[in-house]
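Participant: Predicted coordinates and the sequence they were generated for:
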Amino acid sequence: MQKAVPMLRMPRVLELTGLSRPVLYRLVKKGKFPKPKQVSPNVIAWPESVIAEWQANLPESTIKSCNPKVGAV
C-alpha cells in the first residue's frame, strides 16, 4: 500500500513561499514554479515535497524579477 502524499493547498503554499496569488500564477505560466495537481473538481494542491524542492533550488533573482517588493528594505 502506498503512503499518502502530503498535499498543500493554495493558502499554505502562499504562506510558505511568501508569494501573492498573481505572482504564483505568473511563475507557473513562465515554468518557474511547479504546476498544481487537480485533486478534486474544485481543489488544486501541490505535493509538499515539490514545494520544498522548489524552495531549496530557488535562485534569488526568480522572485525579485516577478515581485520587486521581495527583499526590499
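Facilitator: Yep, it's here.
Participant: Pull out the buried positions in stretch 32-40.
Facilitator: 33, 36 (16 or more other Cβ atoms under 10 Å). Glycine gets a C-beta too; all of them are placed from N, C-alpha and C.
Participant: what does that stretch contact?
Facilitator: 7, 10, 24, 27-28, 44-47, 50-51, 54, 62, 66 (Cβ atoms under 8 Å, 6 or more residues apart in numbering).
Participant: Generate TSV for the residues you listed, with distance to residue 17, secondary structure and neighbour count as supplementary columns.
Facilitator: Formatted as TSV, the contacts of stretch 32-40 follow (distance: Cβ to Cβ, whole Å; DSSP: H, G, I helix; E, B strand; the rest coil; neighbours: other Cβ atoms under 10 Å):
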residue	distance to residue 17	secondary structure	neighbour count
7	15	strand	18
10	11	helix	14
24	7	helix	18
27	9	helix	20
28	12	helix	13
44	15	strand	14
45	14	strand	19
46	10	strand	24
47	14	strand	15
50	12	helix	18
51	7	helix	20
54	8	helix	18
62	11	helix	16
66	11	helix	18
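Participant: and those as CSV, adding pLDDT?
Facilitator: Output for the contacts of stretch 32-40, formatted as CSV (pLDDT from 0 to 100):
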residue, pLDDT
7, 96
10, 96
24, 96
27, 94
28, 96
44, 96
45, 97
46, 97
47, 97
50, 96
51, 95
54, 93
62, 56
66, 57
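Participant: Can you tell me which of those is nearest residue 16?
Facilitator: residue 51 (6.2 Å; Cβ to Cβ).
Participant: what about the strands in the protein?
Facilitator: Under the criterion DSSP state E, the chain contains strands at 7-9, 37-40, 43-47.
Participant: Distance to residue 15 added to these, as JSON lines?
Facilitator: Listed next are these as JSON lines, based on distance: least, Cβ to Cβ, whole Å:
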{"stretch": "strand 7-9", "distance to residue 15": "9"}
{"stretch": "strand 37-40", "distance to residue 15": "18"}
{"stretch": "strand 43-47", "distance to residue 15": "12"}
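Participant: Now do residue 34 against residue 16, distance only.
Facilitator: According to Cβ to Cβ, to the nearest Å, residue 34 and residue 16 sit 13 Å apart.
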